[in-house]
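In: Sequence and predicted structure below; questions after.
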Amino acid sequence: MDVVVNAAMSVDGKLSTRRREQLKISGSDDFERVDRVRTAVDGVVVGIGTVMADDPHLILDDPAGRHERREAGRPPSPARIVVDSRGRTPPDGRICDDAAATYVLVSEAAPADNRTALRKAGATVLVAGETRVDLEAAIAKLESQGLESLLIEGGGEIIYSAFEADVVDELSVFVGSLVIGGRQAPTLADGEGFLEAFPQLSLRAVERLDDGVVLQYTVSKNETSPSN
Ligand code: NAP
């Protein structure tokens with residue numbers, strides 16, 4: 001599976017405010033860039049924290065991108081994928097509408113009622129992990145559904161876990177020209193934090209866009225990881 005992480009952050013590394021309210025960090029040029037990344041992938045991944053905070057739709061808006069995908073025999077938008085241990089994704093949320101396929105990755109701890117409600121709403125529920133979604137196992141399940149490339153859009157907990165599981169190939173980050181602050185505000189990578197074996201990145205490109213900058217990195221795979 002090819003995995004790209006893309007997010008927009010303030011210069012102090014925050015994805016949103018301490019109230020976890022969605023915030024406009026980038027601009028129209030960056031939205032277009034993100035649409036091009038979405039055009040290329042089979043699935044767009046967010047955590048349940050992002051679904052609860054933002055009610056995202058995660059659809060490809062760009063008509064040219066939708067056309068390009070149709071011409072290639074692909075669905076007009078990539079699948080929407082939620083990492084959600086307990087199946088708390090609201091079945092009436094925008095991410096479950098019929099504008100694209102929806103996968104909800106849950107753990108064995110997800111109550112049967114929640115799974116049933118999500119299936120009724122048209123989502124495909126995949127189980128990976130005992131009490132928390134095991135990202136490596138979840139990616140293997142998505143592969144068995146025919147997905148070959150993913151764009152992880154956030155939030156900070158999911159991005160950290162993806163780096164921890166050593167599944168990220170590329171990172172793009174838009175750095176907006178603002179300071180958000182707040183020790184409780186989500187950052188690009190939250191989780192427990194690394195004490196050693198920090199993910200190593202190789203800077204591939206720097207581009208000035210809107211009133212900010214896009215940094216693009218290739219991620220070096222951790223040779224000591226048990227998954228390698
Ligand atoms: P998140 O990363 O979206 O979701 C985290 C939740 O996912 C966890 O609390 C956990 O809840 C679930 N989860 C299941 N398995 C997991 C695993 N293996 N690793 C990590 N989490 C797992 O939430 P967040 O960090 O609170 O981020 C949400 C904030 O980010 C919002 O404010 C949103 O606006 C912002 N955001 C910003 C951008 C940007 O580009 N600026 C992009 C996306 C989001 P359960 O235990 O209940 O499953």
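Out: In hand now; what should we look at?

In: Every contact and neighbour count from this point should use C-alpha atoms.
Out: OK.

In: Could you list everything the residue nearest the centre of the chain pairs with in the sheet?
Out: Most central in the chain under Cα atoms, centre = their mean is residue 152, positioned 2.4 Å from the mean C-alpha point. Bridge pairing for residue 152 (DSSP bridges) gives the partners residue 5, residue 45.

In: That one contacts residue 159, doesn't it?
Out: Yes - the pair residue 152 / residue 159 is scored as a contact, 7.2 Å apart, by Cα atoms under 8 Å.

In: joint contacts of those two?
Out: residue 5 (Cα atoms under 8 Å, 6 or more residues apart in numbering).

In: Can you give me the neighbour number for the closest residue to residue 17 other than its chain neighbours?
Out: Excluding the flanking residues, the one nearest residue 17 by Cα to Cα, 6 or more residues apart in numbering is residue 185, at 5.1 Å. Number of residues near residue 185 (other Cα atoms under 10 Å) recorded here: 18.

In: OK, contacts around residue 185?
Out: 14-20.

In: ok, these vs residue 139, which is closest?
Out: residue 15 (24.1 Å; Cα to Cα).

In: Now do the helices in this protein.
Out: 28-40, 48-54, 63-71, 112-120, 135-144, 156-164 (DSSP state H).

In: May I have the shortest one exported as CSV, CA atoms only?
Out: What follows is helix 48-54, C-alpha atoms only, in CSV (Å, rounded to 0.1, in the frame of the first residue of the first chain):
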residue,chain,number,x,y,z
ILE,A,48,-12.9,9.6,14.4
GLY,A,49,-11.7,12.7,16.2
THR,A,50,-11.8,14.6,12.9
VAL,A,51,-15.2,13.2,12.0
MET,A,52,-16.6,14.3,15.3
ALA,A,53,-15.0,17.7,15.1
ASP,A,54,-15.5,18.6,11.4
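
In: list the contacts for the closest residue to residue 37 other than its chain neighbours?
Out: Closest residue in space to residue 37, ignoring its immediate chain neighbours: residue 151 at 7.6 Å, by Cα to Cα, 6+ apart. Residues near residue 151 by Cα under 8 Å, 6+ apart: 3-6, 37-38, 41, 43-45.
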